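A.B. asks: Only the shape, not the letters, is given here:
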């Protein structure tokens, strides 16, 4: 195809068949890293919340248990994210995300939300 909207100018590519297979896995790997970083920030802020609450009125058992569950899930998510990032880095055409990994990541997010509820309780 040639021309822009007015019929002149630089050629416009239709994009058919033009794809760099290395970019999508890289973006996905970076997304897993960003999510793991955000999860880490949430875990640190939750620990701070528990510490501030226990400094004021003594340790709240529900908050401590909720933070403990959140910390365990955080560690599990780091393992899942690391394995997926390693798989994405291994080849230019990585395998499809296994269902077990998807369920693990979803479960981590759900348990994180539940542990946040215990901190707000």
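C.D. replies: Sure, I can see it. None of these values were measured; they are calculated from a predicted model.
A.B. asks: What ranges in the chain fall below the confidence cut-off?
C.D. replies: 1-22, 54-59, 92, 121 (pLDDT under 70).
A.B. asks: Name the helix or strand for residue 33, please.
C.D. replies: According to DSSP states H and E, residue 33 maps onto helix 23-57.
A.B. asks: buried residues in that helix?
C.D. replies: By 16 or more other Cβ atoms under 10 Å, the buried positions in helix 23-57 come out as 25, 28, 29, 32, 35, 36, 39, 43, 46, 49, 50, 53. Quick note: C-beta positions are derived from backbone N, CA and C, even for glycine.
A.B. asks: so the last one makes contact with residue 64?
C.D. replies: No: using Cβ atoms under 8 Å, residue 53 is not in contact with residue 64; the gap is 9.1 Å.
A.B. asks: Just give me the neighbour total for the nearest residue to residue 33 once chain neighbours are set aside.
C.D. replies: Nearest non-adjacent residue to residue 33, counting by Cβ to Cβ, 6 or more residues apart in numbering: residue 85, 6.3 Å away. Residue 85 has 18 neighbouring residues, counting by other Cβ atoms under 10 Å.
A.B. asks: dump the residue contacts of residue 85.
C.D. replies: Going by Cβ atoms under 8 Å, 6 or more residues apart in numbering, residue 85 touches 29, 32, 33.
A.B. asks: Report the separation between it and residue 45.
C.D. replies: 23 Å (Cβ to Cβ, to the nearest Å).
A.B. asks: tell me which of the contacts of residue 85 is nearest to residue 106?
C.D. replies: Using Cβ to Cβ, residue 32 is the member of the contacts of residue 85 that lies nearest residue 106, at 13.9 Å.
A.B. asks: hang on, that closest one packs against residue 81?
C.D. replies: Yes: taking Cβ under 8 Å as the definition, residue 32 is a contact partner of residue 81 at 4.6 Å.
A.B. asks: Just give the nearest non-adjacent residue to the one residue sitting closest to the centre of the chain, would you?
C.D. replies: Closest to where the C-alpha atoms of the chain average out (Cα atoms, centre = their mean) is residue 35, at 2.5 Å. What sits nearest to residue 35 in space, not counting adjacent residues and going by Cβ to Cβ, 6+ apart, is residue 81, at 6.6 Å.
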